[in-house]
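**Student:** Let's see this in three dimensions:
(one chain, ligands or ions: 1)
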Amino acid sequence: MTTVFSSSQIVERYLSYFRGHGHYELPSTPLAVPGNSTSFIIAGMQPLLPYLRAETLPPSPRLSSVQRCLRTDDVEAVGSNDRKMSAFLMLGNWSIGEYWKREAIEMALEVLLQHLEVERERLWVTVYAGDEPLGLPGDDEAISEWLRVGMPSERIVSLGSEDNLWTMGEGPGPCGPSSEIFVDRGMELGCGRATCRPGCDCERFMEVWNLVFMQYERHADGSLTTLPQRNIDTGMGLERIATILQGAESVFSTDVFLPALERLRELVPEQEGEVRRTRRMIVDHMRAVLLAGLVDVRPGRDGRSSVVRRLIRRAACQGRVLGLEQPFLGELLSPLAEGHGSLLMPQEHSQVQGLVQVVTNEERMFSRVLTQGLSLLEHVEANERGYVDGRVLFQLHAERGFPADLAAEILVERGLSIDWQRYEQARQQHSQVSRVSVKTHFQSS
Ligand SMILES: [Zn+2]
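**Tutor:** As a prediction, this is how the structure comes out:
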């Protein structure tokens, strides 16, 4: 019988292992990036960039942390598979110019097998296959290290730059090959194709831990040079490893979400034929709103506040899909906080009641717009090619305050496409008109 670890226990075990191995535990950086009004922390390693780029000396060459992250650039995909979320917690350990592939691999394996009790037979890894045009060789060193710790060669999969070359987006910065650790969740979740392995887009293999071997600096012209200092940068998604260790159906049914899902079921029992994404999106978005609220980001018009507003509106819209006509989102915050347990600090738990009011007010304000928008969208018709005139979406936004992205998503779910060119035309016309009217107004006054 295997132990079922709670998310808090996973964090404790992870941090205590790395503490025992000389890692200095960095405090989590606030989700709202200090000194920047628009963004949230989007990756566990983001606060460590000055160390990784050797711009600042770290408190220790060995570091660990648990970082709250929030990214909404591809929020439409949340809930579409078992793992895509907007807010998540990343466990990380780093070596700033100290240990290298051998120790990073040894330690990751030891944590998984001995401290989190994952069965060895379920583990697979990917390594970098190299890239000829880029002049990068395959990562033979990682392969031999994995073989050395007993990973069977048939469970070491080589993948190309798209999967296993870690970079900081498009621009210049440190980069390097990565080795990802996957857990086999069972044939029954697989696509059944003969080629199904880690890297397949089905649900069978879940990537739980990414080990990045930062050894190059990429320059503006795309060329690569070797870094003077080699770093290890790892990230393990807490919700993903919890999915594995709790035998959960997806990240959305791990312990942090269970009380909120239960509350939602009380509000509206599950119905036959329900789209699985709906409840996933609601709890995901409200969790993000909770974490943002705890660093005082409230729904509003600009920057980070607009992200929170958008999440609340999207979740409210999904509530209508379930048939919930009255504001309900606020009721999920306390169960979410309860699900997080000691992952939230005591003072954060005491902030939750205040947020309930904020969310409920926001949802109430949007409620009328939502009702009107949804009823108008029901009557929207597409042309013979299945395209909806983008001007309709623009009008809905300009005249009724109904967000165009939300409208588009609803239409896309109905199998329609949007003619965004028309949308853009309408937007430009509108801004021209407003400019002219501002001008006339000032000239005549
Ligand atoms: Zn597959």
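**Student:** can you list the residues that contact stretch 343-358?
**Tutor:** Residues from elsewhere that reach stretch 343-358, judged by CB atoms under 8 Å, 6 or more residues apart in numbering: 7-8, 11, 89, 256, 289-290, 293-294, 298-299, 330-331, 333-334, 337. Every residue, glycine included, has its C-beta placed from N, CA and C.
**Student:** which of those tops the neighbour count?
**Tutor:** Among the contacts of stretch 343-358, the one with the most neighbours (other CB atoms under 10 Å) is Val289, at 31 neighbours.
**Student:** OK, contacts around Asn164?
**Tutor:** The contact partners of Asn164, taken as CB under 8 Å, 6+ apart, are 126-129, 139, 158, 177-180.
**Student:** tell me the helices in the stretch 251-400 of the chain, going along the chain?
**Tutor:** Taking DSSP state H, counting those that start in this stretch as the criterion, the stretch 251-400 of the chain carries its helices at 258-267, 276-293, 303-322, 333-340, 346-349, 352-378, 390-400.
**Student:** Where does the prediction get shaky in the stretch 301-445 of the chain?
**Tutor:** Applying pLDDT under 70 to the stretch 301-445 of the chain flags residues 434-445.
**Student:** Over in the stretch 201-350 of the chain, which residue gets nearest the ion? Let me know.
**Tutor:** Cys202 (3.3 Å; CB to the ion).
**Student:** and that residue, what is it in contact with?
**Tutor:** Contacts of Cys202 (CB under 8 Å, 6+ apart): 189-191, 196.
**Student:** Kindly report the same for Leu147.
**Tutor:** For Leu147, the contacting residues are 153, 156, by CB under 8 Å, 6+ apart.
**Student:** next helix or strand past the helix or strand where it lies?
**Tutor:** If you go by DSSP states H and E, Leu147 is part of helix 140-148. Using DSSP H and E, the helix or strand that follows helix 140-148 in sequence is strand 156-159.
**Student:** any idea of the mean pLDDT for the helix or strand just after that following strand?
**Tutor:** Using DSSP H and E, the next helix or strand after strand 156-159 towards the C-terminus is helix 161-164. The average pLDDT within helix 161-164 is 93.
**Student:** Run through who's touching the helix or strand just after helix 161-164.
**Tutor:** Downstream of helix 161-164, the first helix or strand assigned by DSSP H and E is strand 165-166. Applying CB under 8 Å, 6+ apart, the external contacts of strand 165-166 come out as 128, 131, 134, 136, 175-178, 210, 212, 214, 233.
**Student:** Give me the subset of those residues that lies in strands.
**Tutor:** The strands, defined by DSSP state E, take in 128, 175-178, 210, 212, 214, 233 from the contacts of strand 165-166.
**Student:** List only buried entries from those residues.
**Tutor:** Buried residues within the ones in strands among the contacts of strand 165-166, counting neighbours by 16 or more other CB atoms under 10 Å: 128, 175-178, 210, 212, 214, 233.
**Student:** Nearest to Leu49 among those?
**Tutor:** Distance to Leu49, by CB to CB, is smallest for Asp233 among these, at 9.8 Å.
**Student:** I'd like the distance between that closest one and Asn81.
**Tutor:** 25 Å (CB to CB, to the nearest Å).
**Student:** Equivalent analysis for Ser65, please.
**Tutor:** Noted for Ser65: a distance of 27 Å to Asn81, by CB to CB.
**Student:** TSV for the helices of the stretch 251-400 of the chain, including distance to Pro228?
**Tutor:** Formatted as TSV, the helices of the stretch 251-400 of the chain follow (distance: least, CB to CB, whole Å):
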stretch	distance to Pro228
helix 258-267	47
helix 276-293	37
helix 303-322	36
helix 333-340	41
helix 346-349	40
helix 352-378	46
helix 390-400	51
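**Student:** just checking, which of those sits deepest inside the structure?
**Tutor:** Stretch with highest mean neighbour count among these: helix 276-293 (a mean of 24; mean count of other CB atoms under 10 Å).
**Student:** helices or strands next to that one in the packing?
**Tutor:** Helix 276-293 is packed against strand 62-70, strand 87-96, helix 258-267, helix 303-322, helix 333-340, helix 352-378, with contacts defined by 3 or more CB pairs under 8 Å, 6 or more residues apart in numbering; DSSP states H and E.
**Student:** possible to save those as a markdown table with distance to the ion?
**Tutor:** Below are the helices and strands packed on helix 276-293 laid out as a markdown table (distance: least, CB to the ion, whole Å):
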| stretch | distance to the ion |
| --- | --- |
| strand 62-70 | 27 |
| strand 87-96 | 23 |
| helix 258-267 | 27 |
| helix 303-322 | 28 |
| helix 333-340 | 30 |
| helix 352-378 | 35 |
